[in-house]
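**Q** my questions concern the predicted model and sequence given below.
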Amino acid sequence: MGKPKSKKTKNSTSTVDINRTSGEQDGHTDVSTKYSFEKILEKAVTFAESFDFELASKFYHRCYDLQPKNVKLIEGYASVLMELGKVGKCKELLQAALELEPESGYQKFLSLAQLTNGLEAVALYNRGIEIMNASRNQPKSVDNSSSLSSEISSAYCALSELYMTDLCDLEEAEEHCKSYAQMAINSDPSNPEAYQVMANYHMIRLNFEECKSLMEKSLALWLPDYRKFREGQIGDPSKDFQTLGYEARISAVKILIELEMFDDSVEICNGLIDENDTVVETWYLLGWINHIRGEEFLCNAKYYLQKAQKVHQKYPTDDTALAAHIEELLFELQNVSNDDSDLESDKENEVSDFEPNSTDSEHCDESSLCSRVQKVTVEQE
């Protein structure tokens with residue numbers, strides 16, 4: 001979800017005590033200060049934009065107590081709760097926002113769709129898209145048209161992926177998967193995720209040449225600039241160039257592994273680890289890439305899998321199959337010698353509120369779309 005923006009209300013003159021919170025920022029826990037509603041909301045937005053979601057949630061909570069029917073406020077509060085993993089309360093707030101404003105404001109529909117499954121999620125995404133299309137067609141929204149096109153494209157990507165996962169058993173799943181991916185490309189031809197989603201569809205269909213062509217298009221839209229960013233030649237990714245989110249890059253790596261595009265997959269994994277080195281799956285993927293590249297890479301494979309094992313001990317993933325596969329591979333590589341000194345001397349970085357990825361999906365019949373969804377797997381030897 002996008003960052004919440006401050007919305008000032010002319011007639012808002014309510015005040016509230018911020019106990020301890022403001023004082024804690026400069027070490028004085030006994031300070032209590034009075035702020036207007038606008039000032040509290042401004043602080044909430046500031047903390048959210050600086051990724052201090054715990055403090056942001058405290059300020060948003062005080063705002064919500066004062067104006068529980070302020071939809072923009074509710075959306076901002078919900079986005080912070082989502083970042084903190086408080087899904088139940090987040091859904092409750094978004095449902096309230098829908099009831100207060102059911103005919104406008106697309107963001108709450110998209111946000112709630114992310115927390116919902118199946119056909120209910122489809123309906124929410126489509127309603128959000130309808131509102132965005134209506135807004136984009138307004139003459140006064142010309143300046144916003146590009147941003148809306150990007151968000152519409154992303155929503156179509158999410159719809160396509162729903163029919164690869166939750167709804168893969170439906171008879172029309174394959175048709176919807178392809179059509180939504182094409183709509184994502186048509187809505188924003190500059191969106192790299194749209195080509196990646198279509199590539200995944202062709203991977204499922206075993207059309208490897210088409211899949212590779214689409215992945216090359218996707219990578220060309222973001223990887224060169226991302227490479228420059230990592231080399232310090234470009235500044236803020238959110239301002240200076242377009243890239244993919246963390247989860248989308250994980251998905252990209254999985255497709256690239258299937259296409260044996262190993263150099264690109266390793267480069268992307270390295271960038272992911274630079275951003276967050278507490279994600280077990282990223283270390284595992286680096287280990288798996290090196291494992292399948294052959295004997296000369298087995299030393300590297302063991303190193304990365306040992307790292308994955310150590311990260312799992314400190315930040316456990318709920319993907320039990322992945323954790324089990326790490327142990328399997330390390331048992332297989334137990335006689336491969338490598339220098340463990342780097343592993344022992346690595347400093348564990350502090351990271352807040354890590355939530356491991358979950359890639360489990362329900363088992364589907366062999367004839368269904370689900371059974372052909374691309375995943376990184378290994379045959380038992």
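**A** Cool, got the structure.
**Q** quick one, what contacts Ile250?
**A** With contact taken as C-beta atoms under 8 Å, 6 or more residues apart in numbering, Ile250 is in contact with Leu272, Glu281, Thr282, Leu285, Asn357. The way it works is simple: take the backbone N, C-alpha and C, and place the C-beta from them, glycine included.
**Q** I'd say the second one and Ala321 touch.
**A** Right, the one you point to is Glu281. No - using C-beta atoms under 8 Å, Glu281 is not in contact with Ala321; the gap is 11.2 Å.
**Q** what about those two, which has more around it?
**A** Glu281 (25 against 12; other C-beta atoms under 10 Å).
**Q** who does the strand or helix carrying the more buried one touch, helix- and strand-wise?
**A** Under the criterion of DSSP states H and E, Glu281 resides in helix 280-293. Applying 3 or more C-beta pairs under 8 Å, 6 or more residues apart in numbering; DSSP states H and E, one finds that helix 280-293 contacts helix 246-258, helix 262-275, helix 298-314, helix 320-332.
**Q** could these go into JSON lines alongside mean pLDDT and distance to Ser50?
**A** Formatted as JSON lines, the helices and strands packed on helix 280-293 follow (pLDDT from 0 to 100; distance: least, C-beta to C-beta, whole Å):
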{"stretch": "helix 246-258", "mean pLDDT": "96", "distance to Ser50": "19"}
{"stretch": "helix 262-275", "mean pLDDT": "96", "distance to Ser50": "17"}
{"stretch": "helix 298-314", "mean pLDDT": "96", "distance to Ser50": "25"}
{"stretch": "helix 320-332", "mean pLDDT": "96", "distance to Ser50": "32"}
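**Q** how about a markdown table for those helices, with distance to Gly88 added?
**A** Output for the helices and strands packed on helix 280-293, formatted as a markdown table (distance: least, C-beta to C-beta, whole Å):
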| stretch | distance to Gly88 |
| --- | --- |
| helix 246-258 | 21 |
| helix 262-275 | 28 |
| helix 298-314 | 26 |
| helix 320-332 | 24 |
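**Q** of all these, which one is nearest Gln107?
**A** Checking the helices and strands packed on helix 280-293 against Gln107 by C-beta to C-beta gives helix 246-258 as the closest, at 19.1 Å.
**Q** list the buried residues for the closest one?
**A** Neighbour-count burial for helix 246-258 flags Ala248, Arg249, Ile250, Ser251, Ala252, Val253, Lys254, Ile255, Leu256, Ile257, Glu258 (criterion: 16 or more other C-beta atoms under 10 Å).
**Q** for stretch 316-323, how far is the first residue from the last?
**A** Across stretch 316-323, the terminal residues are separated by 9 Å (C-alpha to C-alpha, to the nearest Å).
**Q** and the longest helix belonging to the chain, what's its mean pLDDT?
**A** Using DSSP state H to define each element, the chain has its longest helix at helix 208-230. In this model, helix 208-230 has a mean pLDDT of 95.
**Q** distance of the closest residue in space to Ser265 that isn't next to it in sequence relative to Phe297?
**A** Leaving aside its sequence neighbours, Ser265 sits nearest to Leu256 (C-beta to C-beta, 6 or more residues apart in numbering; 4.0 Å). Distance of Leu256 to Phe297, given as C-beta to C-beta, to the nearest Å: 16 Å.
**Q** which residues touch stretch 182-200?
**A** Here stretch 182-200 has contacts from 149-150, 152-154, 156-157, 160-161, 164, 178, 181, 210-212, 214-215, 217-219, 221-222, 242-244, 248, 251-252, 255, 374, using C-beta under 8 Å, 6+ apart.
**Q** Asn137: which of the buried residues of helix 246-258 is nearest?
**A** Closest to Asn137, out of all of those and judged by C-beta to C-beta, is Ala248, at 28.1 Å.
**Q** could you look up the SS state of the closest residue to that closest one other than its chain neighbours?
**A** Residue nearest to Ala248 in three dimensions, not counting chain neighbours: Glu193, with 5.3 Å by C-beta to C-beta, 6+ apart. Classification of Glu193 using DSSP: H, G, I helix; E, B strand; the rest coil returns helix.
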